[in-house]
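1. When you get a sec, could you give me coordinates for this:
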Amino acid sequence: MKPGSNQPNQPTLHVAVVGNTGVGKSTLVNVLKGKEIAKVDNNVIPCTARTTPYEMEVGRTKYCIWDTRGLNEGSEKAAFFVRWLRRTGILPDADRELKRFLRGRNPSIDLVLLLISVKRD
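-> Numbering: from 1, shown residues only. This next block holds a predicted model:
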């Protein structure tokens, strides 16, 4: 317990937000926090270059929200650029990076939120 407190220390819950590029992972982080802390953009180039933690508290519960890189390149323009970065070794494959992240976290991830895009005609 914290000194002077009747509540035991609550562990931080770790939540990974995953999904394709452009589905709103960083936007969700901003909505949960109530202000813009994660960069968002409507360009074809992804905003999140590496998995980034954002800490927040809701009531007495502490969360660490992990904003991950997009799992898809998005548009053809972005795909060409990302393929070039991967060939040069500057940008590792996002899928492999996510697997490594989820397997190697200590403390481990408590929840994975998979965001998907729903196309409406």
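
2. For the residue positioned nearest the centre of the chain, list each beta-bridge partner.
-> In the chain, the centroid-proximal residue (Cα atoms, centre = their mean) is residue 67; its distance is 1.4 Å. Beta bridges link residue 67 to residue 17, residue 52 when assigned by DSSP bridges.

3. What is the end-to-end distance of stretch 9-29?
-> By Cα to Cα, to the nearest Å, the extent of stretch 9-29 from end to end equals 24 Å.

4. just how off-centre is it within its chain?
-> From the chain centre to the centre of stretch 9-29 is a distance of 5 Å (Cα atoms, centre = their mean, to the nearest Å).

5. which residues does residue 26 contact?
-> Residues near residue 26 by Cβ atoms under 8 Å, 6 or more residues apart in numbering: 38-40, 47-48, 67. From N, CA and C alone the C-beta is placed, and that goes for glycine too.

6. Ok, residue 17 next?
-> 25, 28-29, 65-68, 113, 115.

7. out of those residues, who has the most neighbours?
-> residue 25 (28 neighbours; other Cβ atoms under 10 Å).

8. Now do the same for that residue: its pLDDT.
-> The model reports residue 25 with a pLDDT of 91.

9. and it, how far is that from residue 60?
-> 26 Å (Cβ to Cβ, to the nearest Å).

10. Also residue 100?
-> 32 Å.

11. And the two? Which one has more around it.
-> Counting neighbours by other Cβ under 10 Å for residue 100 and for residue 60 shows that residue 100 has the greater number, 12 against 8.

12. if we can go back for a sec, closest one to residue 12 out of the contacts of residue 26, please.
-> Each of these was scored against residue 12 by Cβ to Cβ, and residue 67 proved nearest at 15.7 Å.

13. if we can go back for a sec, correct me, but the residue nearest to the centre of the chain touches residue 48?
-> Yes. With contact defined as Cβ atoms under 8 Å, residue 67 reaches residue 48; the gap is 5.6 Å.

14. shared neighbours of those two, which are they?
-> 25-26, 38.
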